[in-house]
Each structure stands twice: as structure tokens, then as C-alpha cells.
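Enquirer: for reference, the sequence and a predicted model appear below.
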Amino acid sequence: MTNAFPATAAKLGLYPVVDSVEWIERLLDAGVRTIQLRIKDCQDHEVEEAVRDAIALGKRYRARLFINDYWRLAIKYHAYGVHLGQEDLDVADLEAIRQAGLRLGLSTHDDAELDRALALRPSYIALGHIFPTQTKEMPSAPQGTTELKRHLARLQDISTVAIGGISLARVPEVLATGVGSVAVVSAITQAADWREATKQLLDMVESGIQPAEVL
Ligand SMILES: Cc1ncc(COP(=O)(O)OP(=O)(O)O)c(N)n1
Ligand SMILES: Cc1nc(C(=O)O)sc1CCOP(=O)(O)O
Ligand SMILES: [Mg+2]
């Protein structure tokens, strides 16, 4: 059996996914403590400065900063963690990530992807997309909260994240499934007032979480 990746918080709380160091700094300053830098379709050398700066900010704010896709840079600059999708799994050096002590988050969209992810014993499993999303073209249909709940029943011993089309209004329905974290892009970055949206999301998602669960 594969060795497990380091554990992360049992409940990661609000988890914004953003595409710049500016957003990382703003949101850390607003009180977010789990966050992901997601800059798509670049070469490592094009994003190296951003990845390095984002990781430094994560450390300064004592936050859980995950790097999407650029796992080599995440290792080089000692990120808290890496987030990978199913396609990334075909090419990434998981053993190097594990040996470097980074947490690993994996995307899943159905039972087969969940089987594959669970076998790798990651730090958390993301389940998506829950609702229709404008942010990313998805090849599959939204799974909805009934399917999310069914998947969560298999994931009692691992941190979980729901993603995809989660607006402020839909947060209560998502939290009612028992998922440990709510990942959002547009609910914050496209909000008329991102600061107010972040405050409301933090209040909703993290109010019921015990301090011991958010280490
Ligand atoms: C928390 C979280 N969940 C899922 C994803 C999607 O990751 P992936 O499948 O690798 O797709 P891209 O984000 O790389 O387009 C995520 N980034 N974060
Ligand atoms: C980046 C991403 N991954 C998804 C998945 O299901 O794996 S859904 C998604 C986009 C989420 O953006 P929004 O909160 O604006 O819908
Ligand atoms: Mg990816």
C-alpha cells in the first residue's frame, strides 16, 4: 500500500481558489487560512516568482497555502501543499511530493476517480463540481448535493472539500452534507464587494468549526 501524505486539518473551512499573488495577500489579510494559487497553462519559469511569493505569504500568515499544478515549484519553495487533478496524476512525481513533506489534495468527480484518489492516501479529497460553474469547462455533469453526500459516506477518515458553482446562497445546502470545506472562485473574485462576500463566507463556513479541527 502507498504511504500516506501528511494529514491536514480535519476541516479546512473556507477555501478560496485564486489566480494571483494579489488575491492571495488580500484574502489572507481578510482572515482566510486555507487558500490555493491556481494559475493555468503556464510553464514553470513563467509562474515561479508568483508561486514563490504566494508561498512566502502563506508562511507569513501561518496559512495553508496549496499550489495548483506546479508541483515542482511547490517542492522547491516548500509549500504547505499541492493540489492535483486526475490528469496531473499521470505525470506528477507523487513520491517526490510525499518525501518533501507536502500535503496533497486531489480532485474527484465520480466513483472511479474517488477509488483512484483514495488509493493514494492524500491529505484531502475535493469533490466537484457540485453545481454548474462558469469558471471552468467541465466534461461531466454537476453532481449535486445528494451525490456529494453519498460520496462523503466513503470519506469518514479524510478531510473533504466541495467545489464548483458554490455561491453564498448555496453554502448552507453544501454545509448540510457534512463536507469539511467549501472551495470557491467566483463567489469571491466576481463579487460586487469581495471583502463583504469573504466575511460572510468565513462566518458561514467556519462558525461551526472547533479550533482543534482547523490546525
Ligand atoms: C479545491 C480544488 N478542487 C478541485 C480543483 C480542480 O483541480 P484540477 O482538476 O486539477 O483542475 P484545475 O484547477 O487544474 O483546472 C482545484 N483546483 N481545487
Ligand atoms: C477549478 C474548479 N475545479 C472544479 C472541479 O469540479 O474540479 S470546479 C472549479 C471551478 C470553481 O469555480 P466557481 O466557484 O467559480 O464555480
Ligand atoms: Mg490541476
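Expert: Noted; the coordinates are in hand. Residues are numbered from 1 along each chain as shown. Ligands and ions are numbered 1, 2, ... in the order given.
Enquirer: quick one, helices of this protein?
Expert: Taking DSSP state H, the helices of the chain run over residues 21-29, 44-60, 71-76, 86-89, 94-99, 111-119, 144-152, 171-175, 186-189, 194-206.
Enquirer: and these: which comes nearest ligand 3?
Expert: helix 86-89 (5.0 Å; Cβ to the ion). For the C-beta atoms, the positions are set from N, CA and C on the backbone; glycine is no exception.
Enquirer: residues of the chain that sit close to ligand 1?
Expert: Within the chain, the residues that sit near ligand 1 (Cβ under 6 Å from any ligand atom) are 15, 17, 36, 38, 40, 68-69, 83-85, 88, 105, 107, 126, 128, 136, 161, 163, 183.
Enquirer: which PyMOL command selects the buried ones in those?
Expert: To isolate the buried members of the residues of the chain next to ligand 1 in PyMOL, using 16 or more other Cβ atoms under 10 Å:
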select buried, resi 15+17+36+38+68+69+83+84+85+88+105+107+126+128+161+163+183
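Enquirer: still on that earlier bit, format the helices of the chain as CSV; extra columns: distance to residue 8 and mean pLDDT.
Expert: Below are those laid out as CSV (distance: least, Cβ to Cβ, whole Å; pLDDT from 0 to 100):
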stretch, distance to residue 8, mean pLDDT
helix 21-29, 17, 98
helix 44-60, 13, 98
helix 71-76, 14, 98
helix 86-89, 18, 95
helix 94-99, 14, 98
helix 111-119, 14, 97
helix 144-152, 17, 98
helix 171-175, 19, 97
helix 186-189, 21, 98
helix 194-206, 15, 97
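Enquirer: could you export the ones you listed as CSV, including distance to ligand 3?
Expert: Compiled in CSV, the helices of the chain are given as follows (distance: least, Cβ to the ion, whole Å):
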stretch, distance to ligand 3
helix 21-29, 17
helix 44-60, 13
helix 71-76, 10
helix 86-89, 5
helix 94-99, 13
helix 111-119, 13
helix 144-152, 19
helix 171-175, 21
helix 186-189, 18
helix 194-206, 23
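Enquirer: I appreciate the help and will end here.
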